[in-house]
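# Return atomic coordinates for the entry below.
(2 chains)
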Amino acid sequence: MPANRNRRRRVPAALLAPAVIGLAFLILPLAGLLARAPWTELPARLAEPAMLDALRLSLLTATLATALSLLFGVPIAWLLARGDFPGRSVLRALVTVPLVLPPVVGGVALLLVFGRSGIIGSWLHERFDVTIPFTTTAVVLAMTFVSMPFLVVAVEGALRGADVRFEEAAATLGAGRWTVFTRVTLPMIAPGVLAGAVLCWARALGEFGATITFAGNFPGRTQTMPLAVYLALQSDLEAAIVLSLILLAVSVVVLASLRERWTAVA
Amino acid sequence: MRTRPALALTAALALAALTACGSGDDTGAETEPTTLTVLAAASLTEAFTEIGERFEAEHDGVDVELSFAASSDLAAQITEGAPADVFASADQKNMDKVVDAGAAVDPQPFALNQLVIAVPAGNPDGVTGLADLAGLDFAACAAEVPCGAAAQTAIDASGTAVTPVTYEADVKSTLQKLTLGEVDAALVYRTDAIAAQDEVDAVEFPESAEAVNTYPVTALADAAAPDLAAEFTAYVLGDDAWTVLEAAGFQRP
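Here you go, the predicted structure:
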C-alpha cells in the first residue's frame, strides 16, 4: 500500500522540528560568514605566499597528528574496551581530559612538560640540545594532544559494539592475539576507526589555543591557518573571513573526496 | 543602530544588538543605569582595575564593568555593535577605526607607553640593547597588534637584523613565554614588565622612543549611560587616575 508506506517514511514532527532548529543553528553562522565575505578579494588572498604556507603547514601537521593519534590512540581504545584491570574507568576519564581542558591551558601544560624548562623538555635541552616549543614538532604535539581523545572515544565505542565472539572463534581456530587483532578486530571496527580519524583530523585542523601557546606563532614554521586567521582578525575582519572560508573549503573537499574513495573501495 | 542582516554572525550577537537598539533610542523614562561597561586594552588591566575601583568608591551605586582584550578585538566588538560605554585603546589606529565608524564621542590621549626588553630577574644574559638579542631566543608581538607594530618599528630603527622565535597574539602571552622560561627575552611594554617585576627585569633601549604608543580614551556614541561615560573619561584624564597610571609605568602625554 503506497499511502501506508509514505506515512511510515514521514519523519515524526517531534524529531523534525528540533532537527531543523538545530541545523539552522549550526548553519546560520556559516551563512553569516558567507554574506560578509569580500568575494572580490578572494583571488588575491589565494595567491598570497604567506596564506599558502599556513595552509600547507595546517594540512601537513593535522595529517601527522592524525597518524600519531591512530598509532597510539587505537591501542589505548583497545585497552579501555577489552582490557581487564583496576582503575580502567579512571583511566577512561583521564583520556578525555584534553576535551574538557581549555586548549590554552593545554598549551601551558605541554610547556610545563616539554618546554625548555619543563620536566622532559629541560632534560632534552641539556642532554641533546633539543628544544620543542616554537617548532613544527610542537604544532603536531599540540594537535595530537587535543585531537587524540576524539579518536580514542570513537574507536572504543566501535570496539564495544563489535561482537567478541568472532575474536573468540578466531582464537579457538588457533590465531594468535596479534593475528586476531589485525585480521578480525580491525576489519570489524574499520568504520569506527575512520570516523574517529576524520573527527581527529578536523579537530586538529581547527586547533588554535594549544598551538599558539605551546608552539608560538612564526610564519612557515608554526603559523597554521587558525593562527593566521586569528591574527588577521586583529587588523582586518574581511581578510580573516576569507582565510576561514579557504580553510573550510579545503577541509570539506578533502573529507568529501576521502569519503568517495572509501565508498568506492567498499 | 547597526542591525544589518550580515551582522547576524551568531544568534547571540544579534540578540545583543537588538537589546542595545531597544534601550538606545529613547532613554530617560527608565530607571537610571548604574552599570558602566568599559572596554580597555589588555595592557591596561592592572591600572584600570584600580581606576575602576576608585571611580566606584567616588560614585555611589555605580558598578564599573571592565572588559580587557586586545585593542583590535575591542574595536571590532564596538564597530559590530557590542553594547559598551567607554573605550580605552592601546593605540591610535584602533581608536581611529571606532571614530571612522562614528562610534566614538571625543577621543583624548591619557597615557603613553614604551617598549622595554624584559629579561629574567638578574639579567643572566647581560642584555643591554636590541643588538644583544642576536644570539638569543626572544618573543615579540605580531605586527597585527599594537605592541608588535611598535616592536617592528623599534627593530627597524635600530638597524639590527634580529628576529624573534615567535610573534605572539598579545603582549601578555609574549611576557608569559618569558616567565615560563621558554625564551631569554621578550619585547613588551614597560607597564607589563613592571607588573611582573618579581620575575623579570626591564632593560630600556633608545630605539623604543621611535615607537611610543599613545593611549586614547573616549565615551561611546551608543553608550547606555552617556553622562556617566563622559564622567569616567574625564576621571581617566584627571590627576587622581594619573597617580595610578604613573605607578603602573605609563608616561603622561
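# Quick check: pLDDT value at the residue of the stretch 51-200 of chain B found nearest chain A.
For the stretch 51-200 of chain B and chain A, the shortest gap (C-beta to the nearest C-beta) falls at B:T166, measuring 2.8 Å. C-beta here means a position set from N, CA and C on the backbone, and glycine is covered the same way. Listed pLDDT for B:T166 reads 95.
# Hmm, B:A139 and it touching each other?
Yes - counting by C-beta atoms under 8 Å, B:T166 does reach B:A139; the two are 5.1 Å apart.
# overlap in contacts of these two?
By C-beta atoms under 8 Å, 6 or more residues apart in numbering or on different chains, B:T166 and B:A139 have these common neighbours: A:216, B:177, B:183.
# Need the pLDDT of the first one.
Okay, so that is A:G216. 93.
# Could I get the shared contacts of B:T166 and B:A139 in JSON lines, plus columns for secondary structure, distance to A:G174 and neighbour count?
JSON lines is the format used below for the shared contacts of B:T166 and B:A139 (DSSP: H, G, I helix; E, B strand; the rest coil; distance: C-beta to C-beta, whole Å; neighbours: other C-beta atoms under 10 Å in any protein chain shown):
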{"residue": "A:G216", "secondary structure": "coil", "distance to A:G174": "54", "neighbour count": "29"}
{"residue": "B:K177", "secondary structure": "helix", "distance to A:G174": "58", "neighbour count": "27"}
{"residue": "B:V183", "secondary structure": "coil", "distance to A:G174": "59", "neighbour count": "28"}
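# between these, which is nearest B:E46?
B:K177 (19.4 Å; C-beta to C-beta).
# residues contacting B:T153?
B:210-211.
# Nearest residue to the residue of the stretch 151-266 of chain A found nearest chain B in space, please, no chain neighbours.
Residue nearest to chain B within the stretch 151-266 of chain A (C-beta to the nearest C-beta): A:G216, separated by 2.8 Å. Among residues not flanking A:G216 along the chain, B:T166 sits closest, at 2.8 Å (C-beta to C-beta, 6 or more residues apart in numbering or on different chains).
# how near is the one you found to B:A151?
12 Å (C-beta to C-beta, to the nearest Å).
# and what of B:A247?
Counting by C-beta to C-beta, the gap from B:A247 to B:A151 is 24 Å.
# Likewise for B:W242?
From B:W242 over to B:A151 (counting by C-beta to C-beta), the distance is 26 Å.
# When those two are compared, which one has more neighbours?
Applying other C-beta atoms under 10 Å in any protein chain shown to B:W242 and B:A151 shows that B:A151 carries more neighbours, namely 29 against 16.
# List the contacts of the more buried one.
Counted by C-beta under 8 Å, 6+ apart, B:A151 has contacts B:115, B:140-141, B:164, B:187, B:211.
# From those residues, which shows the smallest pLDDT?
Per-residue pLDDT puts B:A211 lowest of those, at 86.
# what about that one, neighbour count?
21.
# I'd say it and B:L115 touch.
Yes - at 6.4 Å, B:A211 counts as touching B:L115 under the criterion of C-beta under 8 Å.
# Which residues are in contact with each of those two?
B:150-151, B:154.
# Helices of the stretch 151-253 of chain B, start to end?
Taking DSSP state H, counting those that start in this stretch to define them, one finds helices in the stretch 151-253 of chain B at B:171-179, B:190-195, B:226-237, B:239-248.
# Include mean pLDDT and distance to chain A when you put these into a markdown table, please.
Below are the helices of the stretch 151-253 of chain B laid out as a markdown table (pLDDT from 0 to 100; distance: least, C-beta to the nearest C-beta, whole Å):
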| stretch | mean pLDDT | distance to chain A |
| --- | --- | --- |
| helix B:171-179 | 92 | 7 |
| helix B:190-195 | 91 | 17 |
| helix B:226-237 | 94 | 24 |
| helix B:239-248 | 94 | 23 |
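# quick revisit: quick one: contacts for the residue nearest to A:G216?
A:134, A:216-218, A:222, B:139-140, B:177, B:183.
# One more pass at 6 Å, please.
Each residue near B:T166 by C-beta atoms under 6 Å, 6 or more residues apart in numbering or on different chains is listed here: A:134, A:216-218, B:139.
# count of neighbours near B:P226?
16.
# residues in contact with stretch A:113-126?
Taking C-beta under 6 Å, 6+ apart as the rule, stretch A:113-126 contacts A:112, A:130-133, B:181-182.
# That stretch: end-to-end distance?
For stretch A:113-126, the first-to-last residue distance is 14 Å (C-alpha to C-alpha, to the nearest Å).
# Name the residues of that stretch that are buried.
Going by neighbour count (16 or more other C-beta atoms under 10 Å in any protein chain shown), the buried part of stretch A:113-126 is A:114-116, A:118, A:121-122, A:124-125.
# would JSON lines of those with distance to A:R9 be doable?
Listed next are these as JSON lines, based on distance: C-beta to C-beta, whole Å:
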{"residue": "A:F114", "distance to A:R9": "54"}
{"residue": "A:G115", "distance to A:R9": "58"}
{"residue": "A:R116", "distance to A:R9": "62"}
{"residue": "A:G118", "distance to A:R9": "58"}
{"residue": "A:G121", "distance to A:R9": "59"}
{"residue": "A:S122", "distance to A:R9": "64"}
{"residue": "A:L124", "distance to A:R9": "61"}
{"residue": "A:H125", "distance to A:R9": "64"}
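# Closest one of the shared contacts of B:T166 and B:A139 to A:R36?
Of the shared contacts of B:T166 and B:A139, the one sitting nearest to A:R36 (C-beta to C-beta) turns out to be A:G216, at 29.6 Å.
# Quick one: residues contacting that closest one.
With C-beta under 6 Å, 6+ apart, A:G216 has these contacts: A:134, A:222, B:166.
# if we go to 10 Å?
When contacts are counted by C-beta atoms under 10 Å, 6 or more residues apart in numbering or on different chains, A:G216 touches A:107, A:133-135, A:138-139, A:222-223, A:227, B:139, B:164-169, B:173-174, B:177, B:182-183.
# related to what we said a few turns ago, against B:L237, how distant is the residue of the stretch 151-266 of chain A closest to chain B?
Taken as C-beta to C-beta, the span from A:G216 to B:L237 is 37 Å.
# same question, A:L237
A:L237 is 30 Å from B:L237, by C-beta to C-beta.
# so where's chain A shaky on pLDDT?
A:1-8, A:262-266 (pLDDT under 70).
# And for the nearest residue to A:G209 once chain neighbours are set aside, the neighbour number?
Excluding its sequence neighbours, the residue lying closest to A:G209 (C-beta to C-beta, 6+ apart) is A:P103, at 2.9 Å. Neighbour count of A:P103, defined by other C-beta under 10 Å: 19.
# which residues touch A:P103?
Going by C-beta under 10 Å, 6+ apart, A:P103 touches A:142, A:145-146, A:207-214.
# just checking, what packs against the helix or strand harbouring A:A204?
A:A204 is part of helix A:186-205 when elements are defined by DSSP states H and E. Where contact means 3 or more C-beta pairs under 10 Å, 6 or more residues apart in numbering or on different chains; DSSP states H and E, helix A:186-205 is packed against helix A:49-82, helix A:136-161, helix A:164-172, helix A:237-265.
# May I see the buried residues of the second one?
Looking back up the chat, that one is helix A:136-161. A:136-159.
# what's the answer for the longest one, then?
The neighbour-count check on helix A:49-82 (16+ other C-beta under 10 Å) flags A:51, A:53-55, A:57-59, A:61-66, A:68-70, A:73-74, A:76-81 as buried.
# orientation of the next helix or strand along the chain from that helix relative to helix A:49-82 in degrees?
Downstream of helix A:49-82, the first helix or strand assigned by DSSP H and E is helix A:88-95. Angle, helix A:88-95 to helix A:49-82, by axes from the mean of the first three to the mean of the last three C-alpha atoms, to 10 degrees: 170 degrees.
# check contacts around the residue lying closest to A:F181 once chain neighbours are set aside.
Of all residues not flanking A:F181 in the chain, A:W78 sits nearest, at 7.4 Å (C-beta to C-beta, 6+ apart). Counting by C-beta under 10 Å, 6+ apart, A:W78 touches A:152, A:155-156, A:159, A:181, A:185-186, A:189.
# Understood, closing this out.
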